[in-house]
Structure formats: C-alpha cells, structure tokens
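Colleague: Sharing a sequence plus its predicted fold:
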Amino acid sequence: MLRESEISIRRLLLTVSTFVSLFSLVAIYALRYLPEDPLHIRASLTAYVIFFLLVSVLGFVGAIKRSAPLITVFAAHLLLDSIIFFIPRILLVRYSFSLPQLICSNGKFPDPLGDHPETSAAIQHKLQDKLKTLSSPAWSEGSCLVWMWSLEVVLLCLMTLHFATQTLLCVRLFGYAKWLGRKGRLERFEREQLE
C-alpha cells in the first residue's frame, strides 16, 4: 500500500511530466513557423525541446514504474533547465527595464488629421478634444510609466516565482527519488536475507 505522501508526490510528478510533454509538443509545432536564420536558432531550439520531451517522458515512465534513476534524470534536467534559463531571464529583465522609458517618452498622440488645409479648424478641434478625453487620462506620460513599470514588476515577480517553483519542485523530486532508492535497496537486502 502506498503512503499518502508518496501518492501526492507521484501525482505531482505525473502532472508536471505531462504538462512538460504537452508544452514541448506545442513548442515543437510553434517552432516550425520560425523563419530560417544563419545561426540556426530554430533548429537548436527544436532539438532542445525534443530532448526536453524525451526527458519528460522518462519522468512520466519513472513515476509510473517508481524508478528512482528515471525520476533523478527528470529532476536533474528540470534543475539544470531552471539554472540555465535563469541567465536569459536576467538578461530579459535587464533589457525590459529600458522599455518603459522608451515606450512612454512621447506622451502626446500624433495628430490624426495632420496638417490638411481642407479640414475645417472646428472639426479638427472637436476631434482632438474627443481623442484627448478618451486617451489622456489613461495614457499620459506619467500614467504610461506607471502602467509599464507595474507590468515590469509583474514580469519580474512571475519570473522569480517560476524559477523558485521549478527549483523547489526539483528538490522534492530528488528527495522522492532518493527515498525510492533507499526503499529499493532495503527491499533487496530483505530478500537476500530471506534467501
């Protein structure tokens, strides 16, 4: 009979490996539509995602068979993935910090009518007033900066949460694999004692 904690960790392992497998399949399909480039980024990403798919299938099989080595391989790859992709996430944050100033530098909207002499000044004035009442409260330079920096903080929190969750999950999976390995060795030892 399986313990309740083992059932929950197996469910977690099955859920994560299934999610990673489905995500990998969707990513492989989406990567087909990237254009070819001289650096072969599409081919490299596709190869990595296929490898990630195979490792997640190993994690799924390891959860079903209760195999410590397969679970360890899956957990090690998840941990390596979280550490390796931490660097591009930091670079993305560094780059994205320049976006609010870049996007919100011009708080004024372009004149939709331009400098056309054929439009009467009254119609142009009415249209500009309507555009200002619709857009100015939400998209002045100050409010644009507030919204953009709020999105930056949310992005940073989500990336940190993703990294921490993935790392903690890997630690739990390593613990489960270690427990399965000890249990397997103990069962083999007991069988040898009986023989």
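Modeller: Everything's here; your move.

Colleague: Quick one: mean pLDDT for stretch 13-27?
Modeller: Confidence for stretch 13-27, expressed as mean pLDDT, is 92.

Colleague: Give me the buried positions along it.
Modeller: Buried positions in stretch 13-27, judged by neighbour count with 16 or more other Cβ atoms under 10 Å: 13, 16-17, 20-21, 24, 27. C-beta here means a position set from N, CA and C on the backbone, and glycine is covered the same way.

Colleague: pull the longest helix from the protein.
Modeller: helix 141-194 (DSSP state H).

Colleague: Which pLDDT value goes with the residue nearest in space to the middle of the chain?
Modeller: The structure's the chain has its C-alpha centroid closest to His162; by Cα atoms, centre = their mean the separation is 6.7 Å. Predicted confidence (pLDDT) for His162: 89.

Colleague: show me what contacts it?
Modeller: Under the criterion of Cβ atoms under 8 Å, 6 or more residues apart in numbering, His162 has no neighbours.

Colleague: Helix or strand with the lowest mean pLDDT in the chain?
Modeller: helix 121-139 (a mean of 55; mean pLDDT, DSSP states H and E).

Colleague: For stretch 69-80, list every residue counted as buried.
Modeller: Quick answer for stretch 69-80 (16+ other Cβ under 10 Å): 70-75, 77-79.
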